[in-house]
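Have a look at this prediction, sequence included:
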Amino acid sequence: MAAANRDAFWAPSSKVNPDLARERESATFDVRELTHIIDGSPDRTKRRKELENLLYSEPVFRDVGRLSMERDEIYEQGVLKSIKLFEWSRKYKWDDDDFELASRLANHDISMSLQHAMFIPAIERLASDTQKAKWLPRALHYEMIGTYAQTELGHGTNLMELETTATFDPERNEFIMNSPTVTSMKWWPGALGKSSNTAIVLAQLIVKGKNHGLHPFLVPLRSMEDHTPLPGISVGDIGPKMALNCIDNGFLIMKNVRIPRENMFMKNAEVTRDGRFISRGVDKANYATMVLVRVKITRWAFESLSDGATTAVRYSVVRRQSSLKPGERELQVLDYQSQQYKVLPALAASYAFLMTNRSLHRLYDSVHADIMAGNTKLLAELHCQSSALKAYMSEVVVQLLELCRQACGGHGYLASSGIGLLCASSAPLVTVEGENSVLYQQAARYLMKQVAKAVVGDPVASGFQYLLTQSSSDRPDIRIQNLADCGNLDTLLQVYQRMAFSVVTGAARKLQMAIESGVEQHVAWNNNMVSLIQAARFYALHGIAKEAGYFLATPTLTPDQFELVRAAELQAMAKVRHDAVPLVDAFDLHDICLHSALGCYDGNVYERLYALAQTSSLNKTQVHPAYYKHIRGLVKDGQKQLRQQSKL
Ligand SMILES: CC(C)(COP(=O)(O)OP(=O)(O)OC[C@H]1O[C@@H](n2cnc3c(N)ncnc32)[C@H](O)[C@@H]1OP(=O)(O)O)[C@@H](O)C(=O)NCCC(=O)NCCSC(=O)CCCC(=O)O
Ligand SMILES: Cc1cc2nc3c(=O)[nH]c(=O)nc-3n(C[C@H](O)[C@H](O)[C@H](O)COP(=O)(O)OP(=O)(O)OC[C@H]3O[C@@H](n4cnc5c(N)ncnc54)[C@H](O)[C@@H]3O)c2cc1C
């Protein structure tokens, strides 16, 4: 779409859809005040607006043509967006919050996202002070463009079986990096294919024939002069994906690549000049970057879900379809209870996820500060909470975004709705940074340990006190006698704790019984894996309704109480429905950021759908070349055959 049309496309129209306008007039709260809470403060709202003005004054961030672009263009556009953000970050000395916010305003649609998502954080967390002094300036000034290369073609989850090796050569005081098998090539790392000139490579450290486990190494990939791969390096893009195609996820094969001994990250371990291996800090300290990204993913979960909820809610009040009583005006589809059931859980979960991310981030910041000071006491609890919440929130986002898409009918299947791309780009959140079933098990492992402590009366971790309070014989009954009780948050918390206690201790009991029956621990674990994963999963009324089985199969709710919860859930949805538009308006998503003809602030859905249809590459000519090449012949043959038939 030409620049002029593109600007016209995004310019907010003074003509707002009347249904949408009416919804805004009836808001029962101050939308701006809620926006400040969502942003974190009025100052952060102000800062966001400043960054929006900066980004959206640049044509590359306003692109609408994106809908019909080839992958090379998409990649190059993602590179250009990356460079813009990097240049501004350097020029205006952005901190991490500003960079993360700017990246969000660009929909994280930047090819070299790993530079700030993993490469720089890994140097900050895994490098010695000397190495940080050397490498951080080069990464922050973007001389080193990097990625985090851990996953291999043959292994992503099971880090212990990664095959890449780093063999110490005492003669030349170097490590020799190798990809010994086809399955050992690094595969998936973001920006590895074409963008990065450096990688943090996770490899098995071999010193004097002994394997000292997985350690990180800084490996130059491409010449700083002309970007050609260095000797022994074979690198490239792994091919198109479902979405996120601006990112050149790549492969890396190393054949006898030599790096200086100093290129082994030495905060948690080192190899001395004379070939001695020294381990420092906790065994899993080198996994610190993954914990950080899992916490970031809970933020990305909120962002994706609030995008989807905004589009689905705004479209659901603009779209009128059918009527409850013949002859009456067609209904706004959000007035159908079934539509509320599809769309409002995404709205509710968006707010819940925002608050959950903030709470998890506070825990992360506190534990990270402790670890940097040498105190790793809360690392295990952080690992459990970040694993469980990353898994649960990414799982719920994928489910609820698909429901939002379905709630938009046929138009939800158009690329111009933005919601299909949102579903596809959020889909990998259940896989990256630890596949969900694997992370749930990490949480379950920690839970089983807490149960073992609770059973013998030892103190349990702060987040798991319910294992003690719910186990006591004089625990209070669940007071749910009417709809009002269902709105009492303390009561709902008690319901969840009661259910969690039953499911967690139930899983522990099954595991224990299997082991006591003589089954080996790992076999018992696998045979009870679903129960253990359930023990690690669960939000408010909708959460209870969705997971009815766990609340009814455990001594938590009676069938009558469960029916009250269901009724309360539908009543709550009818109530929220009246503020649904102000609640999504409070996310204050710029139309360019939302990138949706269905979710635009002015609600002029039909005009925008039609305007975007004009950008379809098929509409470049009135008669497509395919007519001349293929269709015309078919029609002419048909006419000829009909003439011949008519003569018979
Ligand atoms: C599944 C595990 C956790 C298993 O680890 P393991 O070393 O085999 O050890 P284990 O026997 O299960 O556990 C031993 C112990 O290590 C602990 N532990 C494990 N991981 C951590 C951690 N991160 N922090 C703190 N502690 C950790 C476990 O809780 C165990 O503790 P315990 O022995 O029970 O006291 C590991 O293999 C793993 O993390 N796999 C997932 C790999 C992953 O996350 N890959 C991400 C690649 S990067 C990426 O995807 C980037 C995407 C970003 C983007 O696209 O933007
Ligand atoms: C968009 C995207 C970006 C990525 N970026 C990076 C990156 O920048 N750097 C990087 O290093 N990696 C990256 N990855 C790789 C990602 O981290 C891995 O895909 C992930 O760790 C899962 O590993 P895998 O794909 O090998 O699946 P596997 O580990 O082979 O698992 C396959 C399936 O087997 C099952 N499974 C496996 N293990 C278990 C178990 N123990 N218990 C029960 N079930 C199990 C699960 O259902 C799982 O889905 C990226 C991946 C994607 C999709």
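Arrived safely, thanks for sending. Ligands and ions are numbered 1, 2, ... in the order given.

which residue packs closest to P559, ignoring adjacent ones?
Leaving out its chain neighbours, the residue that sits closest to P559 by CB to CB, 6 or more residues apart in numbering is L552, at 6.7 Å. (C-beta placed from N, C-alpha, C; glycine too.)

Was I right to think the one you found contacts E563?
No - taking contacts as CB atoms under 8 Å, L552 lies outside contact range of E563: 10.5 Å.

Between these two, point out the one with more neighbours.
Neighbour count, other CB atoms under 10 Å: between L552 and E563, L552 has more, with 16 against 11.

got the contact list for stretch 44-64?
1, 3, 5-7, 9-10, 35-36, 39, 77, 80-81, 84, 88, 98, 101-102, 105-106, 588, 590, 592-593, 612, 615 (CB atoms under 8 Å, 6 or more residues apart in numbering).

Could you do stretch 236-248 as well?
Outside stretch 236-248, the residues that reach it (CB under 8 Å, 6+ apart) are 71, 74-75, 77-79, 81, 109-111, 113, 187-188, 190-195, 249-251, 421, 424-425, 427-428.

Pull the number of nearby residues for the residue lying closest to T151 once chain neighbours are set aside.
Residue nearest to T151 in three dimensions, not counting chain neighbours: W188, with 4.5 Å by CB to CB, 6+ apart. W188: 20 surrounding residues under other CB under 10 Å.

Start and end of stretch 264-280, how far apart?
Separation of the first and last residues of stretch 264-280 by CA to CA, to the nearest Å is 14 Å.

just to revisit the earlier point, which ones are touching the residue nearest to T151?
By CB under 8 Å, 6+ apart, the contact list for W188 reads T151, G156, I238, N249, G250.

Need the three-state assignment for V235.
strand (DSSP: H, G, I helix; E, B strand; the rest coil).

Can we start the residue count at 3 from this point?
Let's use 3 as the start, then, which means that last one is V237.

For it, which residues are in contact?
Residues in contact with V237, defined by CB under 8 Å, 6+ apart, are L194, G195, L223, R224, P231, G252, F253, L254, I255.

Distance of the last one relative to ligand 1?
With the distance defined as CB to the nearest ligand atom, to the nearest Å, I255 ends up 18 Å from ligand 1.

Any chance you could list what contacts the helix or strand hosting that residue?
I255 belongs to strand 252-256 when assigned by DSSP states H and E. With contact meaning CB under 8 Å, 6+ apart, strand 252-256 is reached by 149, 151, 155, 166, 179-181, 187-191, 193-196, 198, 201, 203, 221, 223, 234-240.

restrict the contacts of stretch 238-250 to contacts with ligand 2.
Counting by CB under 6 Å from any ligand atom, W190, G192, N251, P430 from the contacts of stretch 238-250 sit close to ligand 2.

Give me the pLDDT for R8.
pLDDT for R8: 66.

Let me fix that, I meant to ask about H626.
At H626, pLDDT is 95.

ok, now L485?
On pLDDT, L485 comes in at 87.

F253 versus that one, what's the distance?
For L485, the distance to F253 (CB to CB, to the nearest Å) stands at 57 Å.

And the two? Which one has more around it.
Using other CB under 10 Å as the criterion, L485 and F253 rank with F253 on top: 21 against 13.

Need the pLDDT of the more buried one.
For F253, the pLDDT comes out at 98.

for R568, same thing?
Listed pLDDT for R568 reads 86.

and L494, how many neighbours?
L494: 21 surrounding residues under other CB under 10 Å.

so it is in which element?
Counting by DSSP H and E, L494 is found in helix 491-518.

what about the stretch 153-302 of the chain, any weak spots by pLDDT?
285 (pLDDT under 70).

Give me every residue in it lying close to ligand 1.
Within the stretch 153-302 of the chain, the positions lying close to ligand 1 (CB under 6 Å from any ligand atom) are T153, G158, T159, N160, L161, M162, G192, K286, Y289, M292, V293, V295.

Now the buried members of these.
Among those, those classed as buried by 16 or more other CB atoms under 10 Å are T153, G158, L161, G192, Y289, M292, V293, V295.

wait, the fourth one sits on S115?
Right, G192. Yes - assessed by CB under 8 Å, G192 is found in contact with S115 at 6.1 Å.

For S396, give me its contacts.
By CB under 8 Å, 6+ apart, S396 lies in contact with I299, A303, S428, L431, V432, N438.

now those residues as TSV including neighbour count and distance to ligand 2?
Formatted as TSV, the contacts of S396 follow (neighbours: other CB atoms under 10 Å; distance: CB to the nearest ligand atom, whole Å):
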residue	neighbour count	distance to ligand 2
I299	22	11
A303	28	15
S428	24	11
L431	21	9
V432	21	8
N438	21	8
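
among the contacts of stretch 238-250, which are in strands?
W189, G252, F253 (DSSP state E).

export those residues to CSV and tack on distance to D309?
Below are these laid out as CSV (distance: CB to CB, whole Å):
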residue, distance to D309
W189, 29
G252, 28
F253, 31
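
between these, which is nearest G215?
W189 (20.9 Å; CB to CB).

Nearest spatial neighbour of the closest one, chain-adjacent residues omitted?
Among residues not flanking W189 along the chain, L155 sits closest, at 4.1 Å (CB to CB, 6+ apart).

State the distance from that neighbour to ligand 1.
For L155, the distance to ligand 1 equals 14 Å [CB to the nearest ligand atom].

hmm, stretch 452-467 in reach of ligand 1?
No - Stretch 452-467 does not reach ligand 1 (CB under 6 Å from any ligand atom); its nearest approach is 11.5 Å.

Show the contacting residues for the closest residue to T185 other than its chain neighbours.
Among residues not flanking T185 along the chain, G156 sits closest, at 2.7 Å (CB to CB, 6+ apart). Residues in contact with G156 (CB under 8 Å, 6+ apart) are E163, E165, T183, V184, T185, S186.

same check, this time on E404
If you count contacts by CB under 8 Å, 6+ apart, E404 has them with C425.

Distance of it relative to E397?
E404 is 12 Å from E397, by CB to CB.

again, but for C425
For C425 relative to E397 (CB to CB), the value is 14 Å.

Neighbour count for the two, which is higher?
C425 (21 against 17).

Phi and psi next, for the residue in the chain positioned nearest to ligand 2.
The minimum distance from the chain to ligand 2, using CB to the nearest ligand atom, falls at G158 (2.0 Å). Here is the backbone geometry of G158 (degrees, to the nearest 10): phi -130, psi -50.

for P222, same thing?
phi -60, psi 130.

so it sits right up against I261, yeah?
Yes - if you go by CB under 8 Å, P222 and I261 touch, sitting 7.3 Å apart.

what touches both of the two?
Counting by CB under 8 Å, 6+ apart, P222 and I261 have no common neighbour.

hang on, the earlier thing: ok, of the contacts of stretch 46-66, which come out buried?
Buried among those by 16+ other CB under 10 Å: 3, 8, 11, 37-38, 41, 79, 82-83, 86, 90, 100, 103-104, 107-108, 590, 592, 594-595, 614, 617.

For E437, which non-adjacent residue is spatially closest?
Among residues not flanking E437 along the chain, T159 sits closest, at 5.6 Å (CB to CB, 6+ apart).

So which helix or strand of this structure has the lowest pLDDT on average?
helix 5-12 (a mean of 68; mean pLDDT, DSSP states H and E).

chain center to stretch 265-285: distance?
In this view, stretch 265-285 has its centroid 33 Å away from the chain centroid, taken as CA atoms, centre = their mean, to the nearest Å.

Give me the contact list for the one helix or strand I178 maps to.
Using DSSP H and E, I178 falls within strand 176-180. Strand 176-180 is contacted from outside by 166-171, 203, 205, 219, 221, 234, 256-263, 265-266, using CB under 8 Å, 6+ apart.

what's the distance between the helix or strand L365 falls within and the middle of its chain?
Here L365 sits within helix 339-374, counting by DSSP H and E. Helix 339-374 has its C-alpha centroid displaced from the chain centroid by 12 Å (CA atoms, centre = their mean).

Return the residues of this structure in contact with ligand 1.
Residues of the chain lying near ligand 1 (CB under 6 Å from any ligand atom): 115, 119, 150, 152-153, 158-162, 192, 286, 289, 292-293, 295, 381-382, 385, 434-436, 440, 444, 447.
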